[in-house]
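Participant: need a structure here:
(one chain, ligands or ions: 1)
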Amino acid sequence: MTTPRLQIDLDKIKHNALTLVERLGAHGIAITGVTKAFPGYPGIADVWLEAGVGGLGDSRVENIEAMRRRGVATRISLIRSPMMSQVERVIAAADISFNTELDVIRKLSSAAGSAGRSHGVVLMVELGDLREGIMPDNLHESVREVLRLPNIQLKGIGTNLACRSGVAPDQNNMGKLSALADSIDAAFGTALEIVSGGNSASIKWALGGGSTGRINDLRLGESLLLGLEPLHRQPIDGLHGDAITLVAEVIEHKVKPTQPWGEIGQTAFGAKPPAVNRGHISQTILAIGCQDVDPDGLRAPVGTRIIGASSDHLVLDCGNRPMAVGAEVTFGLDYSALVRAMTSPFVDKVAMARKDVAERDELEPPRMRRC
Ligand SMILES: *Cc1c(COP(=O)(O)O)cnc(C)c1O
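Facilitator: Numbers count the residues shown, from 1 in each chain. As a prediction, this is how the structure comes out:
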């Protein structure tokens, strides 16, 4: 098999999706499966839909167009505010887009008219994380305008937390979103269909036992793929954290000192040489680098340690484990590492059923790190 490769265990991916569909479903919450992490590998979306994921979402119109070309007919939402320059493509490819700017929605309205289509709009509300969203005090004003526009259907409201500023979804901000949905329905006689309470960081709140109010949708990527809740990078009970792994190949294995010698300037990627002299170690080089993956987001096999990386090399202290040239080493990935590997043309993507996956080394636990 080719290396480097992402090994995608579709059975585990499906198990993660089935589990979250069931757990969140018990609270009246459907899942929009967020596909942006695997544009080069559409098989995962098919498995999600089989598992009962209600619709798909992506932040890039190019990815949505690619799914349409493959014949995906399910509801797909553009979950990043559309670019003005792309509204025609958004209308053609997406059923719904998430919006915060009236000028864009007006343009979507006229583009939908020209295309003879109707387009759904979810208005995003700012609830403290300070990324996208209409300030709550201005929301009614925006709703009033959107309801006036032809060819546009106001589908609902949503919010996004825990991304730019790490604001945690809680009873307070989620309650506020529910209350806003109620107040819009009361003021305008609407019945908002979608109240989208955020990303994977909202799972803990949703399953926490409190009232979930009007929230009936979460947009999930990381939790479905990596079995993690991203706020504290904790594994979610009962989910697989190794549904996707990265396999790379050893190209050099030598005993070397830990300290470089000669006059020391900058490294290729600005890292500092190690401060502690640990004498000589078994140093392994793998044929993968920053071009293919985010090395800081890799989890090495237990007993080994990533000690350096450049564009095409990953350097591993392999402890007392023998690693022959040509051997394969398996790594776990965080979201940032996964996204880069998924989008790298140098990394093969291989789907495997569970029975085909060879016995693997135990991997280090996930680390705290925001992308
Ligand atoms: C990426 C993204 C998501 C999915 O986030 P995960 O943490 O991967 O679940 C949800 N909503 C928006 C707006 C996003 O950009």
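
Participant: number of residues surrounding residue 136?
Facilitator: 16 (other CB atoms under 10 Å). Yep, even glycine has a C-beta here, placed from its N, CA and C like the rest.

Participant: from the ligand, how far out is it?
Facilitator: In this view, residue 136 and the ligand are 18 Å apart by CB to the nearest ligand atom, to the nearest Å.

Participant: can you give me every residue that contacts that residue?
Facilitator: Taking CB atoms under 8 Å, 6 or more residues apart in numbering as the contact definition, residue 136 lies against 125, 126, 127, 176, 180.

Participant: same check on residue 201?
Facilitator: 161, 162, 163, 168, 169, 229, 230, 231.

Participant: what about the strands in the stretch 51-200 of the chain?
Facilitator: Counting by DSSP state E, counting those that start in this stretch, one finds strands in the stretch 51-200 of the chain at the ranges 55-58, 76-78, 96-99, 119-125, 152-159, 194-196.

Participant: redo these as TSV? Include mean neighbour count.
Facilitator: As requested, these are arranged in TSV below (neighbours: other CB atoms under 10 Å):
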stretch	mean neighbour count
strand 55-58	25
strand 76-78	25
strand 96-99	26
strand 119-125	23
strand 152-159	24
strand 194-196	25
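
Participant: rewinding a little: of the contacts of residue 201, closest to residue 36?
Facilitator: residue 163 (12.7 Å; CB to CB).

Participant: that closest one: how many residues sit nearby?
Facilitator: For residue 163, the tally of surrounding residues (other CB under 10 Å) stands at 17.

Participant: what's the answer for residue 183, then?
Facilitator: Residues within reach of residue 183, counting by other CB under 10 Å, total 14.

Participant: please name the nearest non-neighbouring residue to it.
Facilitator: Once flanking residues are discounted, residue 183 sits nearest to residue 140: 7.4 Å by CB to CB, 6 or more residues apart in numbering.

Participant: for that neighbour, give its distance to the ligand.
Facilitator: Taking CB to the nearest ligand atom, one finds residue 140 at 22 Å from the ligand.

Participant: buried set for stretch 311-320?
Facilitator: 312, 313, 314, 315, 316, 317, 318 (16 or more other CB atoms under 10 Å).

Participant: can you check the pLDDT for the third one?
Facilitator: Going back to what we said before, that points to residue 314. On pLDDT, residue 314 comes in at 98.

Participant: ok, it touching residue 294?
Facilitator: No: between residue 314 and residue 294 there is no contact, the gap being 11.1 Å when judged by CB atoms under 8 Å.

Participant: residues contacting whatever residue of the stretch 201-350 of the chain ends up closest to the ligand?
Facilitator: Scanning the stretch 201-350 of the chain for the residue nearest the ligand gives residue 221, at 2.8 Å (criterion: CB to the nearest ligand atom). Going by CB under 8 Å, 6+ apart, residue 221 touches 33, 34, 35, 36, 37, 199, 200, 335.
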